[in-house]
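K.L.:
Let me see the structure of the following:
(4 chains)
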2 protein chains.
Amino acid sequence: MIEILKQHITNRLGKLPDNVDLVVPHFEEVIAKRGDFLLQPGEVCKYVYFIVEGCLQVFVTDKNGNESTREFYIEDQWATDIFGFQNQLPATEFIRCAEPSKLLRIHFESFQQLTNAIPQFSAIYKQILEVSYNNTVYRVNTLTSMDALDRIKWMMENKPKIMARLSSKLIASYLGISAETLTRLKSKI
Amino acid sequence: MIEILKQHITNRLGKLPDNVDLVVPHFEEVIAKRGDFLLQPGEVCKYVYFIVEGCLQVFVTDKNGNESTREFYIEDQWATDIFGFQNQLPATEFIRCAEPSKLLRIHFESFQQLTNAIPQFSAIYKQILEVSYNNTVYRVNTLTSMDALDRIKWMMENKPKIMARLSSKLIASYLGISAETLTRLKSKI
DNA sequence: TTAAACTCTTGACATTTATCAAGAGCCTGG
DNA sequence: CCAGGCTCTTGATAAATGTCAAGAGTTTAA
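P.N.:
Residues are numbered from 1 along each chain as shown, chains lettered A, B, ... in the order given. Below you'll find the predicted structure:
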């Protein structure tokens, strides 16, 4: 399990085995079942999660209790409430396992320490932040500039793994439509 | 005009007058009319803009040519195509003046130089990135979890200046609804 | 193994929002 | 200062999507 993290980090730090060995011991293995919550609104997020296997769903609930998914994260990706984590402020979102998951988590203190001590680690963080921001910008633009059918097509092209693995209900909650509408529109493609 | 930038930077760097004097000379004044474009899709964004006065609209167009605004930026804020700028890749969004604007811009080369040379400048960048990301996350969640009326109320509470200054058409393009729907729903509040 | 709980699909209908059109008011540049 | 072009509003209608309900199939956990 740790091997996968080493691989991931080495790919990004370049071959700096010393750094890898400084970083990896700060991570802790977590095995979580489908439905387990890693974060709830109001809590302060204390960890960044690296996903070795499985899928995490980041979502909010509306005034009627319906879930809206902002993002799914799968193998080889990082998930956290970035803003709440960095500023140690209460979260506004849920993070929950959408599949049974194997995770590696790093605590806030360790994360800060590594960011200060290892410039390459800090650079990885900046890169993750920039890519996350870019994805979210894209997401706003698809939500406001595409109709439901085009969003479904977009997702099939750009998130085929997620589309294939998760339930219609979850996918619909990501697309901002009801599960019934998803069923009906899919038959039109 | 430069004074306002000095103020802005000093507030964030703390009182480090030496740093301020290293940073400020890299900025160049730009006066732009309403409707002037600062960036179009396909172009590589070469500048970060600091807004001294006015308003910038960041938007995309859909397959029918309708505009969808991702964000408005006003006085004392920074605007750019962050991802395209950092990676010097073609933009996917437009940036246009929604009002006559007084801007200060810094070129990519200078920006990189300052980021490398001055840790506090780098820290400001990281902070802007985190806040931008957080805002965009919030924006996704309001778009997917609120109906049009609640989004209007949200905007009146959270973006009163923009709501007051810009045309219905622009505000509607931010809310993801037509200008007619905005008119009708506003009368229900 | 089996009952309960979920999931997907489909139908009927309601609701929300868009589109098209027209008129009144108001900027705004030549 | 005035004509053309925006902007806002309102009405009529259309289109997109949601909600509720029911049945068949599938998974899950005791």
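K.L.:
remind me, longest helix of chain A?
P.N.:
Using DSSP state H to define each element, chain A has its longest helix at helix A:119-145.
K.L.:
report the angle between the axes of the helix or strand that comes right after that one and helix A:119-145?
P.N.:
Note on helix A:119-145: by DSSP states H and E, the next helix or strand toward the C-terminus is helix A:148-158. Interaxial angle, helix A:148-158 versus helix A:119-145 (axes from the mean of the first three to the mean of the last three C-alpha atoms, to 10 degrees): 150 degrees.
K.L.:
Report the backbone C-alpha coordinates of helix A:148-158 in CSV.
P.N.:
Output in CSV follows, covering the C-alpha atoms of helix A:148-158 (Å, rounded to 0.1, in the frame of the first residue of the first chain):
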residue,chain,number,x,y,z
ALA,A,148,-28.2,18.1,-18.9
LEU,A,149,-27.6,16.0,-22.0
ASP,A,150,-24.3,17.7,-22.8
ARG,A,151,-23.2,17.4,-19.2
ILE,A,152,-23.8,13.6,-19.4
LYS,A,153,-21.9,13.3,-22.6
TRP,A,154,-19.1,15.4,-21.1
MET,A,155,-18.9,13.1,-18.1
MET,A,156,-18.9,10.0,-20.2
GLU,A,157,-15.9,11.3,-22.1
ASN,A,158,-14.0,12.9,-19.2
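K.L.:
what about that helix and DNA strand C, any contact?
P.N.:
No. Contact of helix A:148-158 with DNA strand C (C-beta under 7 Å from any atom of the strand) is absent, the minimum separation being 11.7 Å. For glycine as for every other residue, the C-beta is placed from the backbone atoms N, C-alpha and C.
K.L.:
Which neighbouring elements make contact with that helix?
P.N.:
On a contact count with 3 or more C-beta pairs under 8 Å, 6 or more residues apart in numbering or on different chains; DSSP states H and E, helix A:148-158 meets helix A:119-145, helix A:160-165, helix A:168-175, helix A:179-186.
K.L.:
The closest residue to DNA strand C within chain A: neighbouring residues, count only.
P.N.:
For chain A and DNA strand C, the shortest gap (C-beta to the nearest atom of the strand) falls at A:Ser168, measuring 3.2 Å. By other C-beta atoms under 10 Å in any protein chain shown, the residues close to A:Ser168 number 13.
K.L.:
Tell me who's in contact with it.
P.N.:
When contacts are counted by C-beta atoms under 8 Å, 6 or more residues apart in numbering or on different chains, A:Ser168 touches A:Ala179, A:Leu182, A:Thr183.
K.L.:
Now the first one. Nearest residue, chain neighbours left out?
P.N.:
Using C-beta to C-beta, 6 or more residues apart in numbering or on different chains and skipping the chain neighbours, the partner closest in space to A:Ala179 is A:Ala172 (4.4 Å).
K.L.:
Tell me how far the one you found lies from chain B.
P.N.:
11 Å (C-beta to the nearest C-beta, to the nearest Å).
K.L.:
Quick check: that residue vs A:Glu180, distance?
P.N.:
8 Å (C-beta to C-beta, to the nearest Å).
K.L.:
Contact residues of chain A facing chain B?
P.N.:
For chain A, the contact set with chain B under C-beta under 8 Å from any C-beta of the partner chain comprises A:60-63, A:66, A:68-70, A:82-83, A:86-87, A:92-93, A:126, A:129-134, A:136-141, A:143-146, A:150, A:176.
K.L.:
and the residues you listed, which are buried?
P.N.:
A:60, A:68-70, A:82-83, A:86, A:93, A:126, A:129-130, A:132-134, A:136-141, A:143-146, A:176 (16 or more other C-beta atoms under 10 Å in any protein chain shown).
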